[in-house]
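# okay, sequence plus prediction incoming.
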Amino acid sequence: MIRGSREGGGLLRVVEPRPILLSVVLAAVAAFGWLASPLGLGVAVGLQLVIGGIGAVWLLGPVRIGLGFARYATLAAAGVAATLFGRVLFDQTGLLLSPVAALLLWGVVAAELDVGERGRAGLAIDLMLVGMVFAGAAGVQRLVAVNAWPPGLILLSILLAIPILRAAEARGASGIQAVGETALHLLAVAQVAAALTLLRPPGVLGAALVALAYHAWGSAASALEEGETGWRVAIEVGALALMGLVLAVLVAAR
């Protein structure tokens with residue numbers, strides 16, 4: 001893998017064919033899921049899990065201590081999120097969305113390969129995970145009827161477990177600590193998702209607020225680990241969460 005110089009910001013990037021090939025295959029599977037019946041969608045999701053999981057091992061190589069295990073599942077989770085989210089936009093974009101999906105999936109691969117080279121996560125991982133949470137939440141919202149919210153909430157929790165665990169490991173957590181942080185983070189986001197289900201905000205606003213809740217909790221955890229005082233984190237993150245809640249209530253009241 002050849003990169004542009006770090007002094008130049010790494011804007012020019014040339015990759016070997018394997019990441020591109022894997023991204024195109026996953027995008028093709030996602031496009032099949034957009035067109036398929038519910039049974040075909042299940043097949044597409046299963047293929048994303050298999051191809052994404054095997055492909056991640058193929059590209060990332062052996063597990064490295066300190067980088068965590070969840071990075072081997074992010075590509076599969078991103079493929080599933082792309083498959084579900086594409087069904088939200090397919091009526092407007094059709095298969096024109098598939099090249100964009102391939103580019104975004106390649107971005108997931110590139111971000112994880114960059115972590116392997118740097119030995120630590122960066123901004124690209126944070127943006128990638130927020131996008132996965134938003135796409136997954138919007139896809140589940142489209143897939144599951146509002147009056148069937150308990151199954152939808154369970155499905156969403158399963159889907160979000162991977163990016164949330166990846167976020168915990170990106171902060172440096174591992175083992176039982178990473179699992180514990182993931183459980184608390186997932187519980188907080190699931191509570192927000194349940195509340196939004198009852199408010200029934202229009203369009204993808206609910207998914208955006210779920211992504212906001214995910215980001216707010218993760219930012220608070222990172223700030224606390226970096227030594228910020230608890231009250232300051234509570235004010236900053238609480239204000240962000242309050243803004244999102246007020247927006248959801250105002251929109252739902254219309």
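Cool, got the structure.
# mind listing what's buried along the helix or strand harbouring residue 209?
Per DSSP states H and E, residue 209 falls inside helix 205-225. Of the residues in helix 205-225, 205-218, 220-224 count as buried by neighbour count, 16 or more other Cβ atoms under 10 Å. (C-beta placed from N, C-alpha, C; glycine too.)
# before we move on, what about stretch 23-36?
So, applying 16+ other Cβ under 10 Å, buried residues of stretch 23-36: 23, 24, 25, 26, 27, 28, 29, 30, 31, 32, 33, 34.
# how about low-confidence regions in the stretch 51-200 of the chain?
Low-confidence segments of the stretch 51-200 of the chain (pLDDT under 70): 91-94, 116, 119-121, 145-148.
# helix or strand for residue 202, which one?
Residue 202 belongs to no helix or strand, assigned by DSSP H and E.
# tell me how many other residues surround it.
9 (other Cβ atoms under 10 Å).
# on that earlier part again, which secondary structure elements does the helix holding residue 209 sit against?
helix 123-143, helix 149-170, helix 175-199, helix 230-252 (3 or more Cβ pairs under 8 Å, 6 or more residues apart in numbering; DSSP states H and E).
# so the second one versus helix 123-143, what angle?
Between the axes of helix 149-170 and helix 123-143, defined by axes from the mean of the first three to the mean of the last three Cα atoms, to 10 degrees, the angle is 170 degrees.
# possible to save the helices and strands packed on helix 205-225 as JSON lines with distance to residue 64 and mean neighbour count?
Output for these, formatted as JSON lines (distance: least, Cβ to Cβ, whole Å; neighbours: other Cβ atoms under 10 Å):
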{"stretch": "helix 123-143", "distance to residue 64": "15", "mean neighbour count": "22"}
{"stretch": "helix 149-170", "distance to residue 64": "11", "mean neighbour count": "21"}
{"stretch": "helix 175-199", "distance to residue 64": "15", "mean neighbour count": "17"}
{"stretch": "helix 230-252", "distance to residue 64": "30", "mean neighbour count": "14"}
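# nearest to residue 46, out of those helices?
Closest to residue 46 of the helices and strands packed on helix 205-225 is helix 149-170 (Cβ to Cβ; 13.8 Å).
# how far out from the middle of the chain is the closest one?
Its chain's average C-alpha position is 9 Å from that of helix 149-170, according to Cα atoms, centre = their mean, to the nearest Å.
# picking that back up, would you reformat the helices and strands packed on helix 205-225 as TSV and include distance to residue 16?
Output for the helices and strands packed on helix 205-225, formatted as TSV (distance: least, Cβ to Cβ, whole Å):
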stretch	distance to residue 16
helix 123-143	19
helix 149-170	24
helix 175-199	31
helix 230-252	40
